[in-house]
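Asker: Any chance you can model this:
(2 chains)
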Protein chains: 2
Amino acid sequence: MKRIAILGSTGSIGCSTLQIVESYPDRFAVVSLAAGSNLELAFKQTLRWRPKLLSVAHESAAAGLKKRLRDAGEGETEVVWGTAGTVAVATHPEVDFVVSAIVGVAGMEATYAAVKAGKEIGLANKECLVAAGELFIAEALRQGKPLLPIDSEHNAVHQCLRGGRMNEVERVWLTASGGPFLHTPREEFAHITVAQALNHPTWKMGRRITIDSATLMNKGFEVIEAVRLFNKPPSHVKVVVHPQSTVHSMVEFVDGSILAQVSVTDMRLPILYALTWPERITSDLRFDVLSLKHLDFCPPDLDKFPCLRLAYEAVEAGGAKTVALNAADEVAVAAFLEGKIPFLGIPATIQAVLNETPAHKPESIQGVLSMDSEARALAQRFVDAGAGGSRVAATK
Amino acid sequence: MKRIAILGSTGSIGCSTLQIVESYPDRFAVVSLAAGSNLELAFKQTLRWRPKLLSVAHESAAAGLKKRLRDAGEGETEVVWGTAGTVAVATHPEVDFVVSAIVGVAGMEATYAAVKAGKEIGLANKECLVAAGELFIAEALRQGKPLLPIDSEHNAVHQCLRGGRMNEVERVWLTASGGPFLHTPREEFAHITVAQALNHPTWKMGRRITIDSATLMNKGFEVIEAVRLFNKPPSHVKVVVHPQSTVHSMVEFVDGSILAQVSVTDMRLPILYALTWPERITSDLRFDVLSLKHLDFCPPDLDKFPCLRLAYEAVEAGGAKTVALNAADEVAVAAFLEGKIPFLGIPATIQAVLNETPAHKPESIQGVLSMDSEARALAQRFVDAGAGGSRVAATK
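Answerer: From the prediction side, this is the model:
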């Protein structure tokens, strides 16, 4: 029986994780949940799973929820709140495995606390590795516990890596759907609207990650994650565009053999893989090989998608540069979504912030958080100054 | 230093193996070679590699070659001949690893002797597993030594299997190029000529295997090999048509994840893999992922390619049926190449022979060889009686 904490239980990864627990009641049990501000779903999840501990965003919400639960006859669950609450959920002594799926730097502290507490981690939060990867990897190594990736690309890489030893890996190949602008001519990029950018061809996701997919910044973050997770130099982590997203990623070995992972595009599969590793267990998440028709591949266009190039530059420099990359992107994407900057203003803002960020190495999560705040403030100043062209171009 | 015997040193696999030994002189040494009737190449290989032992097909050739070698200043190599000579090459006490690449049942006895002598085997000969797989697998298990496949499909499967445990494998997927008649309408199959059948789209190979690729019988043999090598029921070994032959095969795990192997179509890669397993070493046999363009897949058409169906039926029944399948196919293909029977006469002959073959299990290699002779005689009778239609249809 594996005893689980879920950070971000009301989000997409959290709900998928609970579906898996539902499917394998003999294997998994829920010990603690950290929800955000979706209190209605947090209430339902608590009644269904009766966790020992539930954390929500705010103190007032925690008090209200505690009362509602008691009225519903569920008085056993302790309800806590805020960052301290999330940390308590992540480090609960009965927890073996922590699913880290809170988006943004908000998930970072609690996940780091879980790593330090010697928990196994299923990692869906990108910021842990993009902003603080060096700290996370060092601590996980110290604890001797795995960081198991549960986004589809890195999970695919993790599977393919089993085909050889780590020193036999030549390159990691991340596949990229290419986003909605794969075939858009470069000269039209200045006029891309918010509506166009939100229309992702293969995955339905949140607004920021959808824009990050349209700029390929998301793939850039994944390059950084792969560099850190698999301990490869950036030049050995490559991106290939594959619009069908059927091959989730590949590993090239020194002898010239390449292993590729193929599966349904359903997040439950990488979650299940992480939860059961090093075992695999039977699931109904089948992919019918005979339904394979055409798979297409092409190189990414770094001129059209400068964010990918910026990610390589940031991870080459390391330290604060990748903290700034993530922070600047978040501010720039929010500004684009609000119509304050055009599509090309996103890479322009990030470039400007990177130029002004020294390559210091953060020595603690607190250090990362303060670098993150500085970069956000800097990005906000660029945005307010009209970075990357007039706001008219971004208007729908 | 791995010390190698090559059975079939003058053939394509043998020459590729020697190229690898040439590239890695610190890792591999040639101890013994079994050549066929290409005496000129056998002579050159002996001068170059100075093996302890060389075997050729016939006694007279052995004597002549011995003299030529002595005249050329190479008197150290012992020259032997015939089946006993091949067995001596395969079981030489200084040999660690035997590359089994003699085509046909001729390679079977010596390979079996090598397995019994506790050698590691790199297996390119199909008949070992198709005709005598149960015996080979049992003996290799008894010896605790690996049978490493060095044809591209099974080698790919071997690589993908590393992604999980054997009891976590749901299906093995062999890719098939589909041969030259993938898009030929079924009604034209009766008129397929020898020249058309010899025109394989992706691989240049010997005449029999080219015809076996055109009928998909070759893929049928590979299904049988996979059933035995990977200990899976026939219903869990599947074929998918993939004309580019870029994905060499796949393994589907119980959780729904599929691993696929991609590489250049160069036999040196599977040979190198087998020779170095469980290590991988650096080679220049690179595949450029960015050169990937389109990969196509479709299900095989068992109505157009009854040989594939016959292979499944034979391996389901086991024992003498798969011996007969191979023997009948060899006779039928020879008859087709000589213009004696039409293209569709190949499956018709095999079907007729299978119908008359009981499903006895052979208990020794001698038993396999006698079943093989019986099936050949039977197939010859069917061919001589004009099996599968008039010979006119096969005339160019």
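Asker: got the contact list for the one helix or strand A:M250 maps to?
Answerer: A:M250 belongs to strand A:247-253 when assigned by DSSP states H and E. For strand A:247-253, the surrounding residues in contact (CB atoms under 8 Å, 6 or more residues apart in numbering or on different chains) are A:152-157, A:160-161, A:163-164, A:168-175, A:240, A:258-263, A:295, B:260, B:262, B:280, B:287, B:289. (Glycine included, C-beta is placed from N, CA and C.)
Asker: quick check: mean pLDDT across that strand?
Answerer: Mean pLDDT, computed over strand A:247-253, is 98.
Asker: what angle separates it from strand B:247-253?
Answerer: 110 degrees (axes from the mean of the first three to the mean of the last three CA atoms, to 10 degrees).
Asker: The helix or strand following strand A:247-253: partners in the sheet, and parallel or antiparallel?
Answerer: Note on strand A:247-253: by DSSP H and E, the next helix or strand toward the C-terminus is strand A:258-262. Applying DSSP bridges, strand A:258-262 is found paired with strand A:247-253 (antiparallel), strand B:258-262 (antiparallel).
Asker: then the first one to CSV, C-alphas only?
Answerer: Included here for strand A:247-253 are C-alpha records, laid out as CSV according to Å, rounded to 0.1, in the frame of the first residue of the first chain:
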residue,chain,number,x,y,z
VAL,A,247,5.8,9.8,-29.5
HIS,A,248,6.2,11.4,-26.1
SER,A,249,9.9,11.6,-26.3
MET,A,250,13.1,9.6,-27.1
VAL,A,251,16.5,8.7,-25.9
GLU,A,252,19.5,8.3,-28.2
PHE,A,253,22.2,6.0,-26.9
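Asker: what about whatever residue of the stretch 51-200 of chain A ends up closest to chain B, distance to B:S283?
Answerer: Nearest residue of the stretch 51-200 of chain A to chain B: A:E168, at 4.3 Å (CB to the nearest CB). The gap separating A:E168 from B:S283 is 11 Å, by CB to CB, to the nearest Å.
Asker: what's the overlap in contacts for those two?
Answerer: A:254-255.
Asker: Please identify which of the two sits among more neighbours.
Answerer: It is B:S283, of A:E168 and B:S283, that has more neighbours when counted by other CB atoms under 10 Å in any protein chain shown, with 21 against 18.
Asker: Look at the more buried one and report its pLDDT.
Answerer: 97.
Asker: Can you tell me, leaving aside adjacent residues, what's nearest to the residue nearest the centre of chain A?
Answerer: The residue lying closest to the centre of chain A (CA atoms, centre = their mean) is A:K126, at 3.2 Å. Closest residue to A:K126 apart from its sequence neighbours, by CB to CB, 6 or more residues apart in numbering or on different chains: A:F221 at 5.2 Å.
Asker: now swap in A:Y112 and tell me
Answerer: A:I365 (5.1 Å).
Asker: got the contact list for the residue nearest to A:K126?
Answerer: Applying CB under 8 Å, 6+ apart, the residues near A:F221 are A:126, A:130, A:212, A:311, A:325-326.
Asker: And A:N38, by the same measure?
Answerer: A:T10.
Asker: what do you get if the cut-off is 10 Å, keeping everything else the same?
Answerer: A:N38 is in contact with A:9-11, A:14, A:44-45, A:56-57, counting by CB atoms under 10 Å, 6 or more residues apart in numbering or on different chains.
Asker: what does A:E170 give?
Answerer: With CB under 10 Å, 6+ apart, A:E170 has these contacts: A:164, A:232, A:236, A:251-258, B:280, B:282, B:286.
Asker: Around the closest residue to the residue of the stretch 51-200 of chain A closest to chain B other than its chain neighbours, how many other residues sit close by?
Answerer: For A:E168, ignoring the flanking residues on the chain, the nearest one in space by CB to CB, 6+ apart is B:R280 at 4.3 Å. When neighbours are defined as other CB under 10 Å, B:R280 has 22 of them.
Asker: Same question for B:R280, what's its three-state structure.
Answerer: Applying DSSP: H, G, I helix; E, B strand; the rest coil to B:R280 yields a three-state assignment of coil.
Asker: is it true that it touches A:N167?
Answerer: Yes. Contact criterion CB atoms under 10 Å: B:R280 and A:N167 qualify, at 9.4 Å.
Asker: Now for these two: what residues contact both?
Answerer: In contact with both B:R280 and A:N167: A:V254, using CB under 10 Å, 6+ apart.
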